[in-house]
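> here's a sequence, model it:
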Amino acid sequence: MATGKKIGRPKGISPYPNKAQIKTDLVAWLAQGKTLREFCRQKGMPHNTVLYDWEQEDADFAQRIVRARDIGHDAIADECEALADMEPLAVFDEAGNKRHDAGSIAWRKLQIETRLKLLAKWNPRKYGDKTVLAGDPEAPLNIAVDFGPFELMLSNIELLRHDGQPS
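A predicted model of the protein is given here:
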């Protein structure tokens, strides 16, 4: 039974009337080192694919996201330093001697290593292992060719030909 009405949201009406505020909030969120997926899991926030579409449509928003992520990477690096500087969990044995819990230390180490590995993947130029590749602008390729051994071989061939020896 058709009623003649179209199904769905009428064209031109946005499900996110506060789109500009969401964009501003997202940029601030990313600058704190938090993830896009965490942001989207909040009540009333759009799905991450919607945000990717907004980023594709708006070049200024895309640049703001790039800058916010770079700042967020620095925030994550600062968090790693804070984790490393924290006092490990102290435990006491039966005699009352204080020692540090090995599990706590291992857990903290895992937290730091995970963040550092992610930073190296997300921003390899800044946080990755330093590798020098030939031809990089910072390390241009210098080619040096030494024909010394070949010149010696050629001169020996010429001597053999001159002496009448078979070559």
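> for the protein, what spans make up the strands?
Assigned by DSSP state E, the chain shows strands spanning 90-92, 98-100.
> those into a markdown table, with extra columns for distance to residue 27, mean pLDDT and mean neighbour count?
C-beta coordinates here come from the backbone N, C-alpha and C atoms, glycine included. A markdown table is the format used below for these (distance: least, Cβ to Cβ, whole Å; pLDDT from 0 to 100; neighbours: other Cβ atoms under 10 Å):
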| stretch | distance to residue 27 | mean pLDDT | mean neighbour count |
| --- | --- | --- | --- |
| strand 90-92 | 40 | 82 | 11 |
| strand 98-100 | 40 | 84 | 10 |
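> CSV for the ones you listed, including distance to residue 19?
Supplementary listing: those in CSV, determined by distance: least, Cβ to Cβ, whole Å:
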stretch, distance to residue 19
strand 90-92, 50
strand 98-100, 50
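> ok, the residue nearest the centre of the chain - contacts?
The residue lying closest to the centre of the chain (Cα atoms, centre = their mean) is residue 122, at 0.6 Å. By Cβ atoms under 8 Å, 6 or more residues apart in numbering, the residues touching residue 122 are 69, 73.
> how confident was the prediction at it?
Note for residue 122: predicted pLDDT of 91.
> now do residue 110
For residue 110, pLDDT reads 95.
> what's the answer for residue 9, then?
Looking at residue 9, the pLDDT reads 58.
> pull the CA atoms of stretch 22-40 into PDB?
C-alpha atoms of stretch 22-40 as PDB (Å, rounded to 0.1, in the frame of the first residue of the first chain):
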ATOM      1  CA  ILE A  22      31.700  19.200  16.100                       C
ATOM      2  CA  LYS A  23      34.600  20.000  13.800                       C
ATOM      3  CA  THR A  24      36.100  22.300  16.500                       C
ATOM      4  CA  ASP A  25      35.600  19.800  19.200                       C
ATOM      5  CA  LEU A  26      37.200  17.100  17.100                       C
ATOM      6  CA  VAL A  27      40.300  19.200  16.400                       C
ATOM      7  CA  ALA A  28      40.700  19.900  20.100                       C
ATOM      8  CA  TRP A  29      40.100  16.200  20.900                       C
ATOM      9  CA  LEU A  30      42.800  15.100  18.500                       C
ATOM     10  CA  ALA A  31      45.300  17.700  19.800                       C
ATOM     11  CA  GLN A  32      45.100  16.000  23.200                       C
ATOM     12  CA  GLY A  33      46.400  12.800  21.700                       C
ATOM     13  CA  LYS A  34      43.000  11.000  21.700                       C
ATOM     14  CA  THR A  35      41.700   9.000  18.800                       C
ATOM     15  CA  LEU A  36      39.000   9.700  16.300                       C
ATOM     16  CA  ARG A  37      37.200   6.500  17.200                       C
ATOM     17  CA  GLU A  38      37.000   7.500  20.800                       C
ATOM     18  CA  PHE A  39      35.500  10.800  19.700                       C
ATOM     19  CA  CYS A  40      32.900   9.100  17.600                       C
END
